[in-house]
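# Need coordinates for the below:
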Amino acid sequence: MNHISRQSRAAILLSLTALLAACVGASPALKSARSSSSAAAYSARIASFISSWESAGGSRARRPPGWDAGAPAGAAVSAAWWGYQQTDATDALQAAVDSGARVVIVPRMAGPWILSRTLDLRCGGLEIALEPGVVILAAKGAFRGAGECLIQAYGATDFSLLGYGASIRMRKNDYGKRPYEPAEWRHAISLRGAARALIAGLRIESAGGDGIYAGVERRGYVHIPCEDLTLQDLEILDSHRQGVSVISARRLLIEDSLISGSSGVMPMSGIDFEPNSGDPGFQDCVVRGCRIQNNSGVGVLFVLSKLGADVSPVSIRIEDCSIDNPTVAVWLRGLGNHVRGTLIFAGTSFRGFQFLRGSSYFSVVNEGAR
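Numbering: from 1, shown residues only. Below is the predicted model:
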């Protein structure tokens, strides 16, 4: 199987701007979020942007004089310049995202950035960076619709959402009570047909559905999957359904992340690869260096029954991971429709039952545990 090469990853990352380049330093890929050097480099870069505002007579909350028409080339903007309100920061953050700026810093303010409705990342070529210590928080009593997500990117391309030392938090425990309608789709981050995107460094907590949902953008009868998507250095905790649901993707990398504590509504997995009818499936998907533990369902679940023999062969690689689940570690299901493909485990350790029977069309390969 052709998994994502370092060269491909570097090409994706290099399409982002100087903020991302500064976070990675001389390396072709971001290091672990739990690495003090990566966190320090990220913090230093954010601090340099804030210092540039202050040198120009501005601050986190105040636009520098003369910047009303836009930031100078190569400069970042502060989302708080659009009127941060401690009780509801939705308008300010959405306005900053829609401003046309290439780099939007979400600065640390007096309180969390409270969102009362979905933040829509509809602009291409955008980088959003949360200052360490920032919390983006779902407003109490908001997101009552069954499918209302905290952050969504529908068909967006060439964007990044970075947050080393920052958090995105919903209110999972509230959503099971009146006046809320019981549902499993209140995702913290919903990506549909997103391409050339990076989400890194964040702690994502208490999602009302999935921590991250990677699905398709539907254009009539055409289902466009997420492509060239990297999820890196994340902590995804206490999700209502899954830590990560992968509905359809090409060239996906999930790396150096902790996914734990999914509980609430089935399947309650750490990661669930499960397409809907008509979706193109999974090609060149890699899960590398992740800790997947203590989820109420399956650690990593593969349900392929809605794929047919006419889709491109599935290619998924699980590499250098620790899958520690109290019941079932991994489960492969739904090969009855002559689904073709390969599932490879390399250097991965398991605790919990493993149900991994392939077929004459579908190979399961274990290259050895750590």
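
# just how off-centre is the strand ranked longest in the chain within its chain?
Criterion DSSP state E: the longest strand present in the chain is strand 322-333. Here strand 322-333 is found 21 Å from its chain centre; the criterion is CA atoms, centre = their mean, to the nearest Å.

# same question, stretch 257-276
How far stretch 257-276 lies from its chain's middle: 13 Å, per CA atoms, centre = their mean.

# Could you give me the buried positions within it?
257-262, 264-265, 267-275 (16 or more other CB atoms under 10 Å). Where C-beta positions appear, they are placed from N, C-alpha and C, glycine not excepted.

# Among these, which ones are in strands?
Assigned to strands by DSSP E, the following of the buried residues of stretch 257-276 qualify: 258, 259, 260, 271, 272, 273.

# Take those residues and lay them out in JSON lines including pLDDT and distance to residue 64.
Compiled in JSON lines, these are given as follows (pLDDT from 0 to 100; distance: CB to CB, whole Å):
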{"residue": "258", "pLDDT": "97", "distance to residue 64": "39"}
{"residue": "259", "pLDDT": "98", "distance to residue 64": "41"}
{"residue": "260", "pLDDT": "98", "distance to residue 64": "42"}
{"residue": "271", "pLDDT": "98", "distance to residue 64": "44"}
{"residue": "272", "pLDDT": "98", "distance to residue 64": "46"}
{"residue": "273", "pLDDT": "98", "distance to residue 64": "47"}
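
# Just send the residues you listed back as a markdown table, with distance to residue 220 too.
Listed next are these as a markdown table, based on distance: CB to CB, whole Å:
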| residue | distance to residue 220 |
| --- | --- |
| 258 | 39 |
| 259 | 34 |
| 260 | 39 |
| 271 | 29 |
| 272 | 26 |
| 273 | 25 |
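
# average pLDDT for the longest helix along the chain?
Longest helix in the chain, counting residues (DSSP state H): helix 36-55. When pLDDT is averaged along helix 36-55, the result is 88.

# list the helices and strands it packs on?
helix 18-24, strand 103-106 (3 or more CB pairs under 8 Å, 6 or more residues apart in numbering; DSSP states H and E).

# Buried residues in the shortest one, which are they?
What that stands for is strand 103-106. Using 16+ other CB under 10 Å as the test for burial, strand 103-106 gives 103, 104, 105, 106.

# Can you point out the buried residues in the longest helix of the chain?
Within helix 36-55, the residues that qualify as buried are 38, 39, 41, 42, 43, 45, 46, 49, 50, 52, 53, counting by 16+ other CB under 10 Å.

# On the pLDDT front, check residue 69 for me.
pLDDT, residue 69: 68.

# And residue 321, by the same measure?
pLDDT, residue 321: 97.

# need the contact list for it.
Residue 321 makes contacts with 287, 288, 289, 290, 291, 292, 347, 348, 349, as judged by CB atoms under 8 Å, 6 or more residues apart in numbering.

# Among the residues you listed, find me the one that's closest to residue 224.
For those, the minimum distance to residue 224 (CB to CB) is 22.2 Å, reached by residue 287.
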